[in-house]
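Colleague: Here's my sequence, what's the structure:
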Amino acid sequence: MRTAWRAHRAAARTTALVALLAASGLAAGAASASGTQTTMASGASLIYRCGFPSGARQVQVTVSAVLPAAAKTGKPIQPAGVSLTMALPSAAAAGLASLHSAAVSAATRLTISASEGSAGTSVVWPGVAKRPVLRPAHGGLTLTTTGEVPPVTASSAGEVILTAAGLSVAFTAGQAAVPAPGPARPAAGGAAPAPASASPAPVPESTAQAPLAVNCTLARGQHAALGALVVTGKAHRDAHRNAAEPTGKCPKLPAGGLKLNPRFPPPPHPPLTLVGHSPSQGCAFTTGYADVRKLKGAALIAPALTNVDQALTALANTTNKVNYLQLQNAAQLDFHGLHQFPPSTATFLTFGFVPTTATIELIEHGTINIFVVGPANPFIHCQPNTFRTCDSVATVYSRLSARIAPGSVKVNGVPLNVGSHCETPPFDAVVTGTSASKPPYSIQFGGPLTGMVTIPPFRNCGVGENLNPIFNAAISGPQNFNLLTQGELCSVIGAFGCDKNRLPVPPQPLHQVTG
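Modeller: Okay, here's the model as predicted:
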């Protein structure tokens, strides 16, 4: 089933790789003595929308890296030769004049989603320009940053996909070596050629400005995968792995089954011709992305096993004129007996450039209500009415709180003690899915669920000092987009939607949904 907390990801997931050998100058890979390729060049050419002081500008960004051609479970996957090249258009380059410098440099922080089947995490790839470049008086500007990046480790065999996400850039004033002018060569007509581009005169160091921080998001509809590699070996249980290891079958329901959460009443309905009660149990994995709007990034939520008590009540009007059906379902998260999502570790760029890593737990309060409304008979001519559309629409209501796991916070690699009760009060999280979306959603076959979530202020953060304002300034607030992906429901009776061990199949987290 689908539980709450859905996150926006503008870039479409893809397994297509773009080798940028010409742009990056990277070799296709080193060959072993036997001639087998042990590395491969990967990357992508992407369009980012960057917020400069003069306005949002589109910037072409080329990311290049060398990845191992294959990896083993439990062993670090270390990208090498990572570079990021930004081609600033003239309007964006002109905005760098606020640095009051003839030359500019840059430091970049690129967030990378490393997905391992339905699991994954986020890491930050840092980069710094090796040398400043002259700022042209007119036209665009190209800057390249490079740096060593952290590895990722796969816990199970399969495919690991690295996908680009948010980007943050800090532009700084720099001292560039200005080449001495050479003797002018006369043109064919005897006149000296004009200089290609004049650069502003250097400004004394005392007038240098603070770094110009620019945050960028991927333009919509792009394939942002940088590379994929095949991982082989036995499953490796890692204590720091974000995702729960799927073990066991659908958890047993409590005696008497699940009950609807009274906090979320069902929608109104027309006069009824049928009221039925035929509950049946199933379970499904739910994963997805939860955006933090202020940090311009998203956390990948580890797959959560959700126990579902289907069709507790069915309300219907089967007349052709009304043609109405409402199914009331209750659900509950189950993470080793706890009613919460598995802990998920994410890295964000606090204040636009400081990498901050934390493990977040989303805890369920009460059961989850899933109300599905649509036509009772979808095969007859449908006319929208007061109580429904002609599509099937599921609304998922849950009550959650967010807790930062003790000992999990690092700011720029330095541990930060937030205490053992750094958390929000409970809040409502509502997501919806519809049969009209692409891909479509249904409670039986799963699909995308989307919604906006307001994150309340944190409390009890810090030991000996009040860290609440830091988390509230960076995280708390409205309009945090959530995109969840529910897998197919594994039915206890009949084992439909289950694997050979009668377990639900974890879905791949969607990055985009339309409709």
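Colleague: going forward, measure contacts and count neighbours with C-alpha atoms only.
Modeller: Noted.
Colleague: which other helices and strands contact the host helix or strand of Ala331?
Modeller: Ala331 belongs to strand 324-333 when assigned by DSSP states H and E. Helices and strands touching strand 324-333, by 3 or more CA pairs under 8 Å, 6 or more residues apart in numbering; DSSP states H and E, are strand 297-317, strand 368-374.
Colleague: Next, count neighbours for Gln58.
Modeller: Look at Gln58: counted by other CA atoms under 10 Å, it has 19 neighbours.
Colleague: rewinding a little: figure out which of the helices and strands packed on strand 324-333 is closest to Thr356.
Modeller: strand 297-317 (11.7 Å; CA to CA).
Colleague: State whether Ala94 is indeed within a strand.
Modeller: No: read with DSSP: H, G, I helix; E, B strand; the rest coil, Ala94 is helix and lies in no strand.
Colleague: if I pick it, what's in contact with it?
Modeller: Ala137, His138 (CA atoms under 8 Å, 6 or more residues apart in numbering).
Colleague: what pLDDT, on average, does the strand holding Ala331 get?
Modeller: Averaged across strand 324-333, the pLDDT comes to 95.
Colleague: Paired strands for that strand, with orientation please.
Modeller: strand 297-317 (antiparallel), strand 368-374 (antiparallel) (DSSP bridges).
Colleague: Excluding chain neighbours, what is closest to Val354?
Modeller: In space, and not counting its chain neighbours, Val354 is closest to Asn412: 6.0 Å by CA to CA, 6 or more residues apart in numbering.
Colleague: give me the number of residues near the one you found?
Modeller: For Asn412, using other CA under 10 Å, the count is 14.
Colleague: where along the stretch 151-300 of the chain do the strands fall?
Modeller: Taking DSSP state E, counting those that start in this stretch to define them, one finds strands in the stretch 151-300 of the chain at 152-153, 158-174, 212-218, 225-232, 274-276, 280-292, 297-317.
Colleague: Check the stretch 301-450 of the chain too.
Modeller: Under DSSP E, counting those that start in this stretch, the stretch 301-450 of the chain gives strands at 324-333, 344-350, 354-364, 368-374, 393-404, 410-411, 414-415, 427-434, 447-455.
Colleague: Quickly, which of these bottoms out on average pLDDT?
Modeller: strand 344-350 - the lowest mean pLDDT of those, at a mean of 73.
Colleague: Please name the bridge partners of Ala394.
Modeller: With DSSP bridges applied, Ala394 shows beta-bridge pairing to Val372, Gly433.
Colleague: Next one: it relative to Thr217, how far apart?
Modeller: 30 Å (CA to CA, to the nearest Å).
Colleague: Helices along this protein, start to end?
Modeller: Assigned by DSSP state H, the helices in the chain fall at 21-24, 90-94, 468-474.
Colleague: In CSV, list these along with mean pLDDT and distance to Thr386.
Modeller: As requested, these are exported to CSV (pLDDT from 0 to 100; distance: least, CA to CA, whole Å):
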stretch, mean pLDDT, distance to Thr386
helix 21-24, 23, 57
helix 90-94, 90, 50
helix 468-474, 83, 40
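Colleague: Select, out of those helices, the one closest to Pro406.
Modeller: helix 468-474 (14.4 Å).
Colleague: how about the closest one: buried residues?
Modeller: For helix 468-474, the buried set under the neighbour-count rule, 16 or more other CA atoms under 10 Å, comprises Asn468, Phe471, Asn472, Ala474.
Colleague: Give me the angle between the strand holding Ala331 and strand 354-364.
Modeller: 110 degrees (axes from the mean of the first three to the mean of the last three CA atoms, to 10 degrees).
Colleague: now the angle from strand 324-333 to strand 280-292?
Modeller: Using the same axes, to 10 degrees: strand 324-333 against strand 280-292 is 70 degrees.
Colleague: Spatially, what comes nearest to Pro126 if we skip its sequence neighbours?
Modeller: Closest to Pro126 by CA to CA, 6+ apart is Arg109, at 4.6 Å.
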